[in-house]
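Student: Structure, please.
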Amino acid sequence: MFWCAEYQYETLYEGYPLSPPGPPPREDMNWFCSDDLRFGVWILQWEDPESSGRAVPYRRSTLIQQKPVPYYPPLFVKSADERKWLTWIVDQYGFGRYGRVLEDGYIWMPQ
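Tutor: Model (predicted):
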């Protein structure tokens, strides 16, 4: 079943997409709302991923875009609580993709 049909309303909260779901997991994150008000997501400009001991693997993928902000909403969100952690992570070369920044600031991206 397509995500929007099954989970869309369970992922919304009051004020979405204009307002973030709460305080950011890290101080260097900003809330982004698309121009057409379709979605909102945290943005993290991760300038030096090597300093954290976690290199960003570069792979060709349609999910990795050379954009400072996403042009498509995050997919496969199943609850409003997940929006606290979902983040568009942009590396030092300007490539962005969805990942998660957990409460302790740990950055996770799919491989």
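Student: Need the nearest residue in space to residue 110, chain neighbours excluded.
Tutor: Nearest-residue entry for residue 110: residue 99, 6.9 Å, with adjacent residues in sequence omitted and distances by C-beta to C-beta, 6 or more residues apart in numbering. C-beta: built from backbone N, CA, C; applies to glycine.
Student: Now do the contacts for that neighbour.
Tutor: 87, 89, 107-110 (C-beta atoms under 8 Å, 6 or more residues apart in numbering).
Student: before we move on, what about residue 90?
Tutor: So residue 90 contacts 43-46, 67-68, 96 (C-beta under 8 Å, 6+ apart).
Student: Those residues, buried ones only, as a ChimeraX selection?
Tutor: The ChimeraX command for the buried members of the contacts of residue 90 (criterion: 16 or more other C-beta atoms under 10 Å) is given here:
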select :43,44,46,96
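Student: Can you report phi and psi for residue 80?
Tutor: Residue 80 has phi and psi values of phi -60, psi -30 when expressed as degrees, to the nearest 10.
Student: Give me the three-state assignment for the closest residue in space to it that isn't next to it in sequence.
Tutor: Nearest non-adjacent residue to residue 80, counting by C-beta to C-beta, 6+ apart: residue 13, 4.3 Å away. Put simply, residue 13 is coil when judged by DSSP: H, G, I helix; E, B strand; the rest coil.
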